[in-house]
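J.: sequence and computational prediction follow.
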Amino acid sequence: MNVLVAVAMALAAISSLGVVLSRQTIYSALSLVVTLAMVAVLFLLLNAQFLFAVQLIIYAGAVMVLFVFIIALLNPEAEDRPALDWRAFIGLAAVAAVTILVFVAAGNGITYNNNGFRALALQSACNTLNAGPCDPYHTFSFPVDAVNAAGNVQTVAGQLFTTYLLPFEITSLLLLVAIIGAVYLTRRAVRP
Amino acid sequence: MISTGLFPYVLGLSAFLFTVGAAGVLIRRNPLVVFMCIELMLNAANVALVAYGRFLNSQEGQIFAFMVIVVAAAEVVVGLAIITQIFRLGRELDVDDISELSE
């Protein structure tokens, strides 16, 4: 299983580089499809089966088809050069610094459990004391069966339609506004 | 099922995807590619949300990731409509040339 995770993560990383480095827009789009599919695989491995299906249907299905359709419609030229001036370099340096920071933080196990201890520190202390099974990332005491059931359509819908009902309904308003906006933007001007 | 030891690596992948997306927004000039890079950053955020939800035994991360997906879809629709309108005006597709609002 870890091999599958490693392959999915490596493919996602490589194809995300392809999105940025391809000169042809269509190659960027196809690389993005691979990235989204690999992110979907990661969702599946992270116990988010519903999001896996949503990711494939909405992103790979709808959004990327829209992208490819627009690319075919507009037929953009290949970029001759990227916009690399000093502002871009400052931005890239800042982004790289933040990323390295996140890497270091993630490597140190920055997640806190509900006692306020850093998870990795707790893990090492637990290993030193040899005090039974250590699972410091699990901060809430849900039973294992509940965790295994988490992420399927039933449990996600159960929360979506009870606790998060208001945000869910507001989402429908957002989609309506987006539809009206797109229709308004792309209409032909009416001659008076 | 993913083991908890892989949590830092998943977060690292999320950070990497976000960096690549941000770099693409900064250095690419084609607005279509810029939009794709924004999608990349949103997906990086989704990976982080789902990973935290998984490793903290919480379902909320997936709910928020779902909301992010919806917002991303809406954003793509409006953005691509604007891009086609810019193209219809006979403009070249270059984000550096579309700067009337800053002048």
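T.: Happy to help now that I have it. Worth saying up front: this structure is predicted, and the values here are computed from it rather than measured.
J.: please count neighbours and contacts with C-alpha atoms only from this point.
T.: Will do.
J.: what mean pLDDT would you report for whichever strand or helix holds A:Ile71?
T.: A:Ile71 is part of helix A:64-74 when elements are defined by DSSP states H and E. Mean per-residue pLDDT for helix A:64-74: 91.
J.: and for stretch B:59-77?
T.: On average, stretch B:59-77 scores 90.
J.: burial measure for residue 65, as a count.
T.: You didn't say which chain, so I picked chain A. By other Cα atoms under 10 Å in any protein chain shown, 15 other residues sit near A:Val65.
J.: I was thinking of chain B, sorry if that wasn't clear
T.: 22.
J.: for it, what are its contacts?
T.: Contact analysis of B:Ala65 by Cα atoms under 8 Å, 6 or more residues apart in numbering or on different chains lists A:Leu51, B:Ala45, B:Asn46, B:Leu49, B:Val50.
J.: do you know how far it is from B:Val47?
T.: Noted for B:Ala65: a distance of 8 Å to B:Val47, by Cα to Cα, to the nearest Å.
J.: go on, B:Gly53?
T.: 10 Å.
J.: and what of B:Ile82?
T.: 28 Å.
J.: just want to know which of the two has more residues nearby.
T.: Between B:Ile82 and B:Val47, B:Val47 has the larger neighbour count (other Cα under 10 Å), namely 26 against 16.
J.: just give the nearest non-adjacent residue to the more buried one, would you?
T.: B:Ser14 (5.9 Å; Cα to Cα, 6 or more residues apart in numbering or on different chains).
J.: equivalent analysis for B:Gln85, please.
T.: The spatial neighbour of B:Gln85 that comes closest, neighbours along the chain excluded (Cα to Cα, 6+ apart), is A:Thr186 at 6.4 Å.
J.: residues touching B:Glu39, list them.
T.: By Cα under 8 Å, 6+ apart, the neighbours of B:Glu39 are B:Gly21, B:Ala72.
J.: what of B:Ala45?
T.: B:Ser14, B:Phe18, B:Ala65.
J.: name the helices or strands packed onto the helix or strand in which A:Phe89 is found?
T.: Per DSSP H and E, A:Phe89 falls inside helix A:86-107. On a contact count with 3 or more Cα pairs under 8 Å, 6 or more residues apart in numbering or on different chains; DSSP states H and E, helix A:86-107 meets helix B:7-27.
J.: next helix or strand past the helix it packs on?
T.: Counting by DSSP H and E, what follows helix B:7-27 is helix B:31-55.
J.: pull the distance from that following helix to the chain's centre.
T.: Computed by Cα atoms, centre = their mean, to the nearest Å, the chain-centroid distance of helix B:31-55 equals 5 Å.
J.: repeat for stretch B:89-103
T.: The answer for stretch B:89-103 is 22 Å, by Cα atoms, centre = their mean.
J.: near chain A, anything from that stretch?
T.: Yes - contact of stretch B:89-103 with chain A (Cα under 8 Å from any Cα of the partner chain) involves B:Leu93.
J.: in that stretch, what counts as buried?
T.: B:Leu93 (16 or more other Cα atoms under 10 Å in any protein chain shown).
J.: so what pLDDT did residue 47 get?
T.: No chain in the question, so chain A it is. 82.
J.: um, chain B though
T.: Value listed for B:Val47 in the pLDDT field: 93.
J.: ok, it touching A:Phe43?
T.: Yes - counting by Cα atoms under 8 Å, B:Val47 does reach A:Phe43; the two are 7.3 Å apart.
J.: sketch out the low-pLDDT regions of chain A for me.
T.: A:1, A:80-83, A:103, A:106-151, A:189-192 (pLDDT under 70).
J.: let's see it at 90
T.: A:1-5, A:21-24, A:44-50, A:59-61, A:73-164, A:185-192 (pLDDT under 90).
J.: check chain B too.
T.: Short version for chain B, where the test is pLDDT under 90: B:1-16, B:18-19, B:22-31, B:48, B:51-62, B:82-103.
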